[in-house]
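*Asks:* Any chance you could fold what I've pasted below:
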Amino acid sequence: MYDLKIPENYKPRMSVRETEKAIKFVKDAFQRNFVRNFGFERVSAPLFVAARTGVNDDLNGVERAVSFDVLEQDGRTAEIVHSLAKWKRMALKRYGFKGGEGLYTDMNAIRRDDKCDNVHSIYVDQWDWEMVISKEQRTPEFLKMAVSRIVGAIVDTLEETKRNFPVIDLKLKREVTFVSAQELLDSYPDLTAHERETASTKEYGTVFLTGIGGKLSDGKPHDGRAPDYDDWSLNGDILFHDDILGESLEISSMGIRVDADSLAAQLKAAGAEERLAYDYHKEVMSGELPLTIGGGIGQSRLCMLLLQKAHIGEVQASLWPDEMKERCEKAGIRLL
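*Replies:* Reported below is the predicted structural model:
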């Protein structure tokens, strides 16, 4: 069953055609600001990868990939990507990127097991990025630097959007408050994980929530995170407060990636040590893959936030439950 929130007295600020123009503007502007802040190179990305290679992103470790056989390759099985977390790291090696250099790409994915609601769709579009770093840069300070650059690009994009689309009156804080998942649990022990996030964004505005994936003092992780790409001690989510929905909105998941030690420890903790047989995992363990930092930035979620929309379907064409479409239509929420 889906979840749907209809904000009281919600009225779109733009028509569908005006929204489409604004979507293009936001995406073009953010991409320009992001590249200015990091200097990354754009590369082409796959829609699907070979199955059973360990390259596809397992997300929380339980989601099923969309798969199909390839007729002209003797029935070889391919999978639609969930994200490009592992593929990007391998691409940095394959393309010869050096320390301090990075890439970004447009990533499109199908996540068939996601529950549709105001901010989730089975179709995912995001900017995926990855950067080669040194061992000395695997620190919280370096992670914070990258977070601040991304938030800066987002706020700059908002300012440009407001100048070109005066109906937008959103305000976002450029200053980021860094807080750990354990600190949130300590502060709000009786709230759910998402409720804790909302409490933090209500208080601080722009939040980077660190330490996603490992177990907290209550014996549970704040949120699921696959054990083989982010280092759970050096990762997090960029959160803003969505005034339309009255709750936190995650725009980016990112982190410094696993090295050999953290990969081995996290696979053991997750009971997934069989993955060490995959090529990607072997290359991490042997040091063949470069040390990296990377993440994904949701394109539709960013448009939803900056254009003050109540539903991600207002800025993205996807497949929605019939009842959800009917309820949205009655409330004046036009799904694409």
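
*Asks:* Can you show me the strands along the stretch 151-300 of the chain?
*Replies:* In the stretch 151-300 of the chain, the strands defined using DSSP state E, counting those that start in this stretch lie at 177-180, 206-210, 230-242, 247-257, 292-298.

*Asks:* partners of the fourth one in the sheet?
*Replies:* Each strand paired with strand 247-257, and its direction, by DSSP bridges: strand 230-242 (antiparallel), strand 292-298 (antiparallel).

*Asks:* contact partners of the shortest one?
*Replies:* The one in question is strand 292-298. Residues from elsewhere that reach strand 292-298, judged by Cβ atoms under 8 Å, 6 or more residues apart in numbering: 30, 34, 83-85, 88-89, 92, 102, 107, 124-133, 137, 142-143, 146, 150, 250-257. C-beta coordinates here come from the backbone N, C-alpha and C atoms, glycine included.

*Asks:* Which pLDDT value belongs to the residue lying farthest from the centre of the chain?
*Replies:* Here the chain reaches farthest from its C-alpha mean at residue 74, the gap being 34.6 Å by Cα atoms, centre = their mean. At residue 74, the model reports a pLDDT of 83.

*Asks:* One more: residue 270?
*Replies:* At residue 270, pLDDT is 91.

*Asks:* Go ahead and confirm it touches residue 227.
*Replies:* Yes: counting by Cβ atoms under 8 Å, residue 270 does reach residue 227; the two are 4.1 Å apart.

*Asks:* Now the terminal residues of stretch 56-69, how far apart.
*Replies:* One end of stretch 56-69 to the other measures 16 Å (Cα to Cα, to the nearest Å).

*Asks:* taking the mean pLDDT, what do you get for that stretch?
*Replies:* Rounded mean pLDDT across stretch 56-69 is 74.

*Asks:* Ok, stretch 199-213 next?
*Replies:* 97.

*Asks:* Can you give me the end-to-end span of that stretch?
*Replies:* Per Cα to Cα, the first residue of stretch 199-213 is 20 Å away from its last.

*Asks:* got the contact list for residue 207?
*Replies:* Contacts of residue 207 (Cβ under 8 Å, 6+ apart): 176-179, 197, 200-201, 238-240, 248.

*Asks:* Closest to residue 19 out of those?
*Replies:* Checking the contacts of residue 207 against residue 19 with Cβ to Cβ, the nearest one is residue 240 at 19.6 Å.

*Asks:* And for that closest one, the neighbour number?
*Replies:* Using other Cβ atoms under 10 Å, residue 240 is surrounded by 24 other residues.

*Asks:* longest helix anywhere in the chain?
*Replies:* Secondary structure of the chain per DSSP state H: the longest helix is helix 140-164.

*Asks:* now that one against strand 292-298, angle please.
*Replies:* 30 degrees (axes from the mean of the first three to the mean of the last three Cα atoms, to 10 degrees).

*Asks:* helices or strands next to helix 140-164 in the packing?
*Replies:* If you count contacts as 3 or more Cβ pairs under 8 Å, 6 or more residues apart in numbering; DSSP states H and E, helix 140-164 packs onto helix 16-38, strand 206-210, strand 230-242, strand 247-257, strand 292-298, helix 299-306.

*Asks:* returning to that earlier point: and the strands paired with strand 247-257: which comes nearest residue 169?
*Replies:* Short answer: strand 230-242, nearest of these by Cβ to Cβ, at 14.1 Å.
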